[in-house]
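Colleague: Output the structure for:
(chains A and B)
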Amino acid sequence: MNELWVLAELGETGPKKVSLELMSKAAELTGEGQWLPAAVVLGGDEAAAQRMSEYGAAKAYLSQDDRFAAYHATAIADTLSALITEKQPIAVFIPATNMGKDVISRVAARHRLGMLADCTSVAVREGSLIATEAAFGGSLLVDCICVGATPHLLSFPPNTFPAIKQPTGNLQVEKVAAAINDKVAVRIVDRLAAPTKTVSLEEASIIVSGGRGMGGPDKFAILEDLAQELGAAVGASRAAVDAGWRPYSQQVGQTGKTVKPNVYIAVGISGAIQHKVGMQTSEHIIAINKDADAPIFSFCDLGVVGDLFEIVPRLTAEIKKRKGG
Amino acid sequence: MNIIVCVKQVPDTTAEKRLAADNRLDRASMENILNPFDEYAVEEAIRIKEAQGANITLVCMGPAAAESALRKGLAMGADNAVLVSDPLLAGSDTLATAYVLACAIKRLPFDLILTGMQSTDARTGQVPAAIAEFLELPMLTFAAKLDVDMGKRTARIQRQAEGGLVVLEGNLPALVSVTKAINEPRYPALRGIMMAKKKEIKVWNATELGLDTSLVGSSGAHTKVLAVRKPAPRAKGVVIKEDPDTAARKVADYLASVKAI
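Modeller: Below you'll find the predicted structure:
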């Protein structure tokens, strides 16, 4: 039986949410395509494989080799590549994260495979996977298929699909060996933790972003308070990053990150095209801006014209109150 | 040390992008610039040159007009430039682009390849890792800081990853892609601009590179576009103007309605 694979990205506590999201989607599609949903878990343990099975994996390829912790994505790419040659799956779903981006290109180049990156949806039509790519930050949707040799490689950003528990019960685990090419191996020398324990922008289901209207670095404290109440990540517009108020790692937009949270709250952000392409596919958009003519009001779901310094602290207090705190 | 910097010409980031009838980006109608991320790669190469000496060669694939992007890089301080240009290459996908760039790079001496983390037009970020694969090199992507040690022949980067910074190291020759956090690109000085105008840009075509032409252009593409459509427009939102207390309550109501609280 042909297999549809999901490459699991692992965090400190097992598969990351994006891995579970992709596994859920793969399991949903396999009925239509008559494929077996399988997880590829490299550098994890039995528990990580079991976790993937809770979200639909019927089979798992597991390598518990310690070296995955010592090497960067190249080790994953090399091992996945060897597995592909041996098992010839029909397609591989890969998280469109920094790790996944390296892996997908490397594997596609090695085997000359078609890849569709940052897809926003996927469906089975006449036995083939048809994916939609968002071009120019979602301004256009492009329906594509891969042609030529399989497996076809598809990547999806976090939050593209819901993670749905669908235990398969009887997980078949196949142990695989790590295949690491020392010539290209990239060693992990050190990990510098983020300064604070925060939700990562790519994975957050709520993002509170500030722009030029924040007026300075200290003022972001009110956004951090709001984010904390909501369990949200804090983002920033290019203007705020260029001004040195926030680190580049928080920049949302064309030259920063593309995000797709359930709720995006844009505070003091005008919504120039540069910013828009990085967040317009968010499920729900709330904008707070004092300028009634700001472009952001033309593509938000709820716009509030007013003074953010008056509104945001009241909003934080209101949420706290409703949560019963 | 020999450094190659891969650069691309892209539409100005403030431009609304359109597709031409053939579903390709309508580049002709837009102002084109050096890909902003590539400026950081060029700057990083120049900083390495200033610190420890290097010869910097820019490599670009694109139409003849892409020469202006190379001139910008030369004006910043790169030494040489190569433009790979051939009508056969039009419509190349990311793999084909990486293959072409890798074939060009193979003809040049190099210890280090620098690229921007992605282009601002297609934004796939797939090309750097695929170049590394075609040349069988270690790839150090999304660098926020780079240290090259020619004595030990290693490149070490700080990489912005989800949830923190990771320090990675690979042996030279290696490919490094950079983010905007790595430096602040310089503006070309007038003298640099004048000198760049006089520099020769080598132009290589597919035949000179000995490319397998079945792998490039539209016919070599590994993906096929079935349809291009506009996303369903967002339902027209509500814009309110209320006193701060009411506004805060209404935002909270909305957050509750979408189960965010």
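Colleague: can you pull the buried residues of the longest strand along chain B?
Modeller: Secondary structure of chain B per DSSP state E: the longest strand is strand B:139-149. Across strand B:139-149, burial judged by 16 or more other CB atoms under 10 Å in any protein chain shown covers B:139-146, B:148. In this view, the C-beta of every residue, glycine as well, is placed from N, C-alpha and C.
Colleague: Paired strands for that strand, with orientation please.
Modeller: strand B:154-161 (antiparallel), strand B:174-178 (parallel) (DSSP bridges).
Colleague: How about the contacts made by residue B:97?
Modeller: Counting by CB atoms under 8 Å, 6 or more residues apart in numbering or on different chains, residue B:97 touches B:61, B:127, B:130.
Colleague: Confirm the last one sits in a helix?
Modeller: When you say that, I think you mean residue B:130. Yes. Counting by DSSP: H, G, I helix; E, B strand; the rest coil, residue B:130 is located in a helix.
Colleague: Hmm, residue A:219 and residue A:309 touching each other?
Modeller: Yes. Between residue A:309 and residue A:219 there is a contact at 7.4 Å, judged by CB atoms under 8 Å.
Colleague: and residue B:201, how many neighbours?
Modeller: 18 (other CB atoms under 10 Å in any protein chain shown).
Colleague: do you know how far it is from residue B:59?
Modeller: Residue B:201 sits 11 Å away from residue B:59, going by CB to CB, to the nearest Å.
Colleague: hey, what's in contact with both of those two?
Modeller: Here residue B:201 and residue B:59 have B:81-82 as joint contacts, going by CB under 8 Å, 6+ apart.
Colleague: and stretch A:208-219, which residues are buried?
Modeller: For stretch A:208-219, by 16+ other CB under 10 Å, it's A:208-215, A:219.
Colleague: Out of those, the closest to chain B would be?
Modeller: Relative to chain B, the closest of these is residue A:208; by CB to the nearest CB it sits at 10.9 Å.
Colleague: Next up, the contacts around residue 226.
Modeller: Going with chain A. A:208, A:232, A:265, A:312, A:315-316, A:319.
Colleague: The chain in question should be chain B.
Modeller: The neighbours of residue B:226, taking CB under 8 Å, 6+ apart as the test, are A:130, A:143-145.
Colleague: Neighbour-wise, give me the winner out of those.
Modeller: When neighbours are counted by other CB under 10 Å, residue A:144 leads these with 20 neighbours.
Colleague: Which residues does that one form beta bridges with?
Modeller: Bridge pairing for residue A:144 - DSSP bridges - gives residue A:131, residue B:225.
Colleague: Which parts of the chain are helices?
Modeller: If you meant another chain, say so; for now it's chain A. Taking DSSP state H, the helices of chain A run over residues A:17-33, A:46-54, A:67-70, A:73-87, A:98-111, A:221-230, A:238-242, A:273-279, A:308-322.
Colleague: Chain B, not that one
Modeller: Using DSSP H, helices in chain B cover B:36-52, B:67-76, B:94-106, B:127-134, B:190-198, B:206-209, B:244-257.
Colleague: could you check the angle helix B:127-134 makes with the third one?
Modeller: Helix B:94-106 runs at 60 degrees relative to helix B:127-134, counting by axes from the mean of the first three to the mean of the last three CA atoms, to 10 degrees.
Colleague: is any part of stretch A:157-170 close to chain B?
Modeller: No. Counting by CB under 8 Å from any CB of the partner chain, chain B is not contacted by stretch A:157-170; separation bottoms out at 8.7 Å.
Colleague: So what's the gap between that stretch and the chain middle?
Modeller: 14 Å (CA atoms, centre = their mean, to the nearest Å).
Colleague: and if you look at stretch A:290-304?
Modeller: 27 Å.
Colleague: how about CSV for the helices of chain A, with mean pLDDT added?
Modeller: Converted to CSV, those look like this (pLDDT from 0 to 100):
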stretch, mean pLDDT
helix A:17-33, 90
helix A:46-54, 96
helix A:67-70, 87
helix A:73-87, 95
helix A:98-111, 92
helix A:221-230, 95
helix A:238-242, 94
helix A:273-279, 90
helix A:308-322, 96
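Colleague: I'd like those helices written out as CSV, with distance to residue A:161 added.
Modeller: Converted to CSV, these look like this (distance: least, CB to CB, whole Å):
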stretch, distance to residue A:161
helix A:17-33, 4
helix A:46-54, 14
helix A:67-70, 25
helix A:73-87, 21
helix A:98-111, 15
helix A:221-230, 22
helix A:238-242, 29
helix A:273-279, 19
helix A:308-322, 27
